[in-house]
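**Q** My questions concern the predicted model and sequence given below.
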Amino acid sequence: MAFTPRAAWAETPAPVRAAVARALGSTIVAHTDLHGGMSPGPAVALHLADGRQVFVKAVSADVRPHNRHMIERESRVLDVLPRSVPAPRRLATVEHGPWIALATTWCPGLTEPCWTDASIAAVVQACRTASSHRAPKSLSPVVERISDFDGWARTRQTGATDDWTADHAAPAAALVTGWQQWTAGDALIHRDIRLDNTTVDANSAVLLDWAYAAAGAPWLDLAQLAADVVATGHVLGEPTATKRAHSLLRGLPPEASRFVIALAGMWHIRAETIPDTVMPYISTWRRARSAALRPLVSALIADLHR
Ligand SMILES: Nc1ncnc2c1ncn2[C@@H]1O[C@H](COP(=O)(O)OP(=O)(O)O)[C@@H](O)[C@H]1O
Ligand SMILES: [Mg+2]
């Protein structure tokens with residue numbers, strides 16, 4: 001998905017590129033810039049002299065310290081994932097001044113701009129495989145990998161700016177209460193399931209971008225998937241996206257629906273309150289997500305009150 005204007009690999013300082021090649025034990029003979037994902041640094045397919053193709057993403061703390069920290073954290077997470085988890089394998093992490101670069105195995109397949117029934121099925125399978133593992137001990141409880149889940153409660157305090165929010169903020173806030181307890185668990189959770197954090201090849205998917213991985217409730221990634229099907233969109237249009245999300249959630253415990261309501265509140269409050277100076281388009285992206293989720297959130301609140 002091309003919503004992030006990422007830097008080009010060729011703009012990465014030469015010493016950083018050379019250090020990546022050294023760490024990979026080969027020379028870079030060609031590269032292809034990638035445009036998906038959510039950070040401002042380059043993401044690239046590197047073609048190496050030894051015939052390998054590898055994935056690299058890099059960022060400088062001078063651009064956005066948060067993203068540098070995320071790459072450091074993802075490096076540690078990749079090292080503790082069991083081999084049977086559908087994830088890339090870390091090949092190298094290079095630090096050079098303010099820069100960090102993470103190289104992983106290349107995961108074939110596509111990151112399409114919209115969900116299809118086939119990609120949903122493949123990612124459901126990948127999420128189930130991941131969460132059938134116990135979280136490695138070094139991963140944090142998911143409560144530490146979630147923020148702004150009090151979005152609806154804060155919106156109630158500050159006042160809604162439109163009729164839909166005025167009608168839904170109070171029941172939504174009530175359903176989110178206690179999330180610190182009902183999201184807890186010991187399953188391995190990716191925690192950032194979005195279409196742009198996957199590659200899908202034929203009928204199988206690999207989950208990418210593991211910086212938020214945690215120990216949590218085993219349904220959590222599927223709930224996040226349901227939210228993303230609506231927020232990113234389905235190739236057959238909005239009503240289908242909401243229908244697919246709703247049917248995914250019907251097979252899960254009620255907490256999964258409460259989680260989706262919480263995510264909508266998170267995107268709403270972030271769009272309203274966080275001015276993003278490095279990536280101003282993120283606020284627009286968050287606003288679009290919380291708006292897209294409204295029909296689903298209305299339906300879930302009705303279901304949960306039945
Ligand atoms: N190991 C990989 N193999 C192939 N493509 C990948 C791999 N990792 C990421 N990608 C592609 O690069 C994009 C950005 O990667 P991602 O790790 O999600 O970056 P960010 O942290 O900036 O969100 C993804 O949307 C995906 O299309
Ligand atoms: Mg990503």
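**A** It's in. Residues are numbered from 1 along each chain as shown. Ligands and ions are numbered 1, 2, ... in the order given.
**Q** Counting neighbours, what do you get for the residue nearest to residue 218 when sequence neighbours are not counted?
**A** In space, residue 218 comes closest to residue 187 once its chain neighbours are excluded; the distance is 3.9 Å by C-beta to C-beta, 6 or more residues apart in numbering. C-beta here means a position set from N, CA and C on the backbone, and glycine is covered the same way. Per other C-beta atoms under 10 Å, the neighbour tally for residue 187 reads 19.
**Q** Next, give phi and psi for residue 187.
**A** The phi/psi pair for residue 187 (degrees, to the nearest 10) reads phi -80, psi 150.
**Q** My read is that it contacts residue 222, right?
**A** No. Residue 187 lies out of contact with residue 222 (C-beta atoms under 8 Å); the separation is 11.0 Å.
**Q** what touches both of these two?
**A** Shared contacts of residue 187 and residue 222, defined by C-beta atoms under 8 Å, 6 or more residues apart in numbering, are found at residue 131.
**Q** so what's the backbone phi/psi at residue 32?
**A** The phi/psi pair for residue 32 (degrees, to the nearest 10) reads phi -130, psi 120.
**Q** do residue 229 as well
**A** The phi/psi pair for residue 229 (degrees, to the nearest 10) reads phi -60, psi -40.
**Q** Can you name the residues bridging to the residue nearest to residue 218?
**A** Following DSSP bridges, residue 187 is listed with bridge partners residue 134, residue 216.
**Q** And the pLDDT at it?
**A** pLDDT for residue 187: 98.
**Q** ditto for residue 274
**A** You'll see residue 274 listed with a pLDDT of 89.
**Q** show me what contacts it?
**A** For residue 274, the contacting residues are residue 283, by C-beta under 8 Å, 6+ apart.
**Q** And it, how close does it get to residue 19?
**A** Computed as C-beta to C-beta, to the nearest Å, the residue 274 to residue 19 distance reads 33 Å.
**Q** And the nearest residue to residue 142 once chain neighbours are set aside, what's its pLDDT?
**A** Distances taken as C-beta to C-beta, 6+ apart put residue 216 closest to residue 142, at 3.3 Å, once the chain neighbours are dropped. What the model reports for residue 216 is a pLDDT of 98.
**Q** swap in residue 2?
**A** Listed pLDDT for residue 2 reads 38.
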